[in-house]
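K.L.:
Build me a model:
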Amino acid sequence: MSNFKIDVMRNLYSLSTKVLALVTACFFIGSMVQAQETINWRGSVSTDATDVQNWDPPTGMAGNHIRVGHIGTYNDPENPNHPIVTGEEDFSFVSIGIAGPYHFIEEDEDGIPTGVEDGPYGPGQITFSMADGSVARQEGPNDTHAFPGGVLIVNSGEVNFQRSYHMTGSPEAMVIVEGTGRATFRDFFGIGDRDQNVGGNVIIRNDGVIHVTGAGRMIRVWDQFSRINIHDNAQLIINGDNRGEYASLVANDIITGGENFYINYYYQNELNQTFYVAKPEGTVWTYFTDRLQERAEFLVVGEAGSEVALENSDVVAAATNFEWKYGTDPEGPYTNVLGSSTEANTFVPTFDESGTFYLVCEVTTPDGQVTSNALTFVVGSANLSLTPDGVQYVRGEQIGAEITVTADQGTIESGEWKWSQTPGVGYQSFDPVISGTSISPSFETPGAYFIRFEGVVDGSPDISSEIRIVQQVWDAGPLNLTWVGGVDDDYHKATNWNPMAQPHRNNIIIPVDVPHYPVFSHGVDTIMGGSTIHHTAAVMDGETVVEPAKSAMLIIRGGETDSLKWRGNVDNFRGILQVESGVFVKDQDLLRMHSNSATVNVTGTGVAIFNQWGSNNHPNLMMGNSNAPTVGGQVHVSGNGKIYFHPAPIFRFAVDAEAEFSFFTVSENGQFIFQGNHTSGTTGYITNRRIRVPEEHDFINVYDHVTDYTYVMARDLNAFGIEQTGMFIMPILTDSEVLTLVNTDGLSEFTWKHSHSPFGPWESFTPEVAGDAVTVQFENIGEYYVVAEAGDGTLSSNTLMFRIIDFAVEIDEDGGVYTLSVELPEGMTALGWQYKSAEEANFEEFELAGTELTYLVDPFDFMVSDGVFHVTYLGVMTDDAGQDVQLLAVPVTVTIADGDLVSVVLGQHSTSLGKVKSLNVGVYPNPNNGTFTLNAGADSYLVEVIDMNGVIVDSRKVSGDGQSITINQKGIFMVKVTSATGVGVSRVIVK
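P.N.:
Residues are numbered from 1 along each chain as shown. Sure thing, here's the model as predicted:
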């Protein structure tokens, strides 16, 4: 790769007396990506990046790979000519590379390097200066991450990166967002490299914004290399609650305001975003230490409020006293002192009167006093209590949790609920007026509202504290709701979550230590990808378990039409998802099982469905942390549970068969159900112990062409079942091997049934097949499943699959000369002709007939003067388990007398269904021209003539032998005879 970069640089900056010796930038990953063009900055005309003459080849940036070299004017490296992107139209590019610093080695007049260095020269640089509202989007495949060594500047418009941006190309790598510019990183925003060898720097100033849309996806910020500087009104926004994750970066001045600013950060729950902003040195900033957004705090008289504090700044560092005081006007004066300290810059306010108050901290320094910003506190009556009393979020047409007012002392005689959009002031009545002691809040227009109760208690007016209600649009972004379970286990109750909201379209967080875990019980609901189910590892003292491991749990216990959908990318699943009834659906993106404790249990009548991940050929269940996982979750299905995979292949199963992570188990009547015929894949999972069954169980691994699903189940080897296993390939009208039963204690009256699906519906054979040791045969080609049923309705724990093929010896007669032939079914390999005498039990190789698919019958080949012989053909096929199965075609009967060929007739086959008597059916002449005589050896019987598609073309009841049958079409037919004493079948050919 390094040689490639040096060659590129030689081409870009060919100086007559200099050679480019070192390139410290890594331009881009996947530099030889095909299809789109790679365009290199030349700057031969101007700095205008929209002028195609400045690029090589001369084409536009849209849809291409952009490469920005170290300098722009090649003949004068002292005066770089860097590209500037302007314009009002949105456009997309595939990838970007920005080169790092470099130097040349001098050449002598003969072009030989002298070893003398010239440089270094600065890194490459590109500036986006587009119209406000315009967006340049990097949109490329997985291998188009950026690894720049140079400088990216955005001073207006937006640059939006779909793939990761890692500043690992050189220590000079930098991102500057200024003016009204905006940079959005939808994947990882890496400030340094993995090994802490290099890192870049970030500057956000003026009104610039950097937005990292993935929670925790600003990574590798190394103290020894990097700083993230935030100045003026600029903002760093990171999705998710990152108050704890990046706190040390602020404390250690890695996220810093530099000399003139200090950093304030907070989490805004409504947006699910953490903000990092700058405050000017010389000012003092008060904040709530929970690091939630600035807000009005609602208290009652005498109640301690949330802790507040001052951000670290030069003023705070020089302070000699902190005095906390409040007033009734946000602009002051602040005359009521609540407390003071010469050291501590934190405070917990408590008010002894009701009203709306504004709290500040007056900081005394050697240079004078500085007053902080004001925080709002709305203090209500201590006598009126609201339950519940926390902030509520109401989405769309939802109704908020009911709020009830009670008087601690006295009786509420009258009153009404009022609302305002400004805390503490401007209250007005609802229309119509809402009186009484309870309210279920809901507002038509989205926004923040405040409600309170104004009433009369024992003849005296009284006002409650206030409650904030946030009315959201239906498709508002997800909130982070933490399960507290303070009321009961009802997932649907807003009062069981903090903040209070119904979980629909929100991120839910389920801790380990709660009174009970949430139970989803009804309806159709959706939670989002930021949801978390927690797990805590065991606490050990040597080999002694001090505290056992604990897993939080989300339980689905609904009806068959109730479903919970988990949408989006799930990174923090550590506990247990238990589906007992109802349906769970994983939709969009991945459920990442990146912990050994991550567990999905589907039991009872529960159903789980894992759908396709984007355009990838696997479902959105990821079973490990990499393609060769070192950790991974587990999935269990039991009871009558079902888990569907659309499509079939499982993503990131462990490759080590002994790994005790990243595996499935199936037990009882549970089913893993894979879309399509995935038996080869499931066989691999079973062989590699990625799917497991309990001891004394075996696997059922079967594809059902009726449903187009592959099923993996567990079979109890101690349960009632069929002794034989696997699949059978047989020609039509051929007896199977004898089928027997096991574990029949307490059962009797066994019958055998068949279906085209391993799950039925089951049909009885005609005539009925009964007993504990039977043979079966089939009249038509196709795939069949056979089950045994006891008299009490108990079905065998396994079924047998039969693949019935058309494989029979055919006869062609011409003037007394007979030619035998066979047509091999698809997938069969020919082995050769076989024969035996009528008295012998087994066929043997017919060497004189050979292996060709046709054989001209010669009586001398049989080496006898008299005898009756059966002639067949042997072939081999491979079954679904990969085993070779040898098959004999339906034979013909050859009769020889006095050394001459007397007859060659189609074989007569016993139906021998179970213990039913076989009738000796005779058909002659055979072949014939449409009319033949039938002998059945029975007094009264049903004759059915069946074509090769299984269609009955003639059916009649007759008595006695010598029946004349006429068929008015050519072809091969089966003649089936059914009497009170038995059944018989023969094949007939009509020419």
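
K.L.:
Span of stretch 347-361 from start to end?
P.N.:
Distance between the two ends of stretch 347-361: 9 Å, counting by Cα to Cα, to the nearest Å.

K.L.:
ugh, wrong one, stretch 583-602
P.N.:
Using Cα to Cα, the two ends of stretch 583-602 sit 10 Å apart.

K.L.:
In this structure Val752 contacts Ala790, no?
P.N.:
Rather than Val, residue 752 is Trp. No. Judged on Cβ atoms under 8 Å, Trp752 makes no contact with Ala790 at a distance of 11.2 Å. Placement of C-beta: from N, CA and C, glycine included.

K.L.:
of these two, who's got more company?
P.N.:
Shown here are Trp752 and Ala790; by other Cβ atoms under 10 Å, Trp752 has more neighbours (25 against 17).

K.L.:
who's Ser420 bridged to?
P.N.:
Phe450 (DSSP bridges).

K.L.:
Now do it, the pLDDT please.
P.N.:
Ser420 carries a pLDDT value of 96.

K.L.:
and it, how many neighbours?
P.N.:
16.

K.L.:
How about the one 10 residues further on?
P.N.:
Using other Cβ under 10 Å, Phe430 has 15 neighbouring residues.

K.L.:
and it, what helix or strand is that in?
P.N.:
Counting by DSSP states H and E, the element that carries Phe430 is strand 428-435.

K.L.:
Could you pull up the contacting residues of the residue nearest to Val154 when sequence neighbours are not counted?
P.N.:
Residue nearest to Val154 in three dimensions, not counting chain neighbours: Gly181, with 3.5 Å by Cβ to Cβ, 6 or more residues apart in numbering. Each residue near Gly181 by Cβ atoms under 8 Å, 6 or more residues apart in numbering is listed here: 128, 153-159, 208-209.

K.L.:
who wins for most neighbours among these?
P.N.:
Val154 (28 neighbours).

K.L.:
In this structure that residue contacts Ile176, no?
P.N.:
Yes. Judged on Cβ under 8 Å, Val154 makes contact with Ile176 at a distance of 7.4 Å.

K.L.:
residues in contact with Leu249?
P.N.:
Leu249 touches 221, 228, 255, counting by Cβ under 8 Å, 6+ apart.

K.L.:
Can you select the buried ones among the residues you listed for me in PyMOL?
P.N.:
Only the buried entries of the contacts of Leu249 go into this PyMOL selection, using 16 or more other Cβ atoms under 10 Å:
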select buried, resi 221+228+255
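
K.L.:
Turn the contacts of Leu249 into TSV, including secondary structure, distance to Phe443 and pLDDT.
P.N.:
Converted to TSV, those look like this (DSSP: H, G, I helix; E, B strand; the rest coil; distance: Cβ to Cβ, whole Å; pLDDT from 0 to 100):
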residue	secondary structure	distance to Phe443	pLDDT
Val221	coil	42	94
Ile228	strand	39	97
Ile255	strand	37	97
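
K.L.:
before we move on, the earlier item: quick one: which of the contacts of Gly181 is nearest Val655?
P.N.:
Distance to Val655, by Cβ to Cβ, is smallest for Val159 among these, at 39.7 Å.

K.L.:
which non-adjacent residue is nearest Asn772?
P.N.:
No Asn there; residue 772 is Asp. Leu741 (4.7 Å).

K.L.:
ok, and for the helix or strand harbouring that neighbour, which residues are buried?
P.N.:
Using DSSP H and E, Leu741 maps to strand 739-742. Within strand 739-742, the residues that count as buried by 16+ other Cβ under 10 Å are 739, 741-742.

K.L.:
And for stretch 586-600?
P.N.:
586, 588-600.

K.L.:
how long is that stretch from one end to the other?
P.N.:
End-to-end for stretch 586-600, by Cα to Cα: 12 Å.

K.L.:
element containing Ile657?
P.N.:
Check again: residue 657 is Ala, not Ile. Judged by DSSP H and E, Ala657 forms part of no helix or strand.
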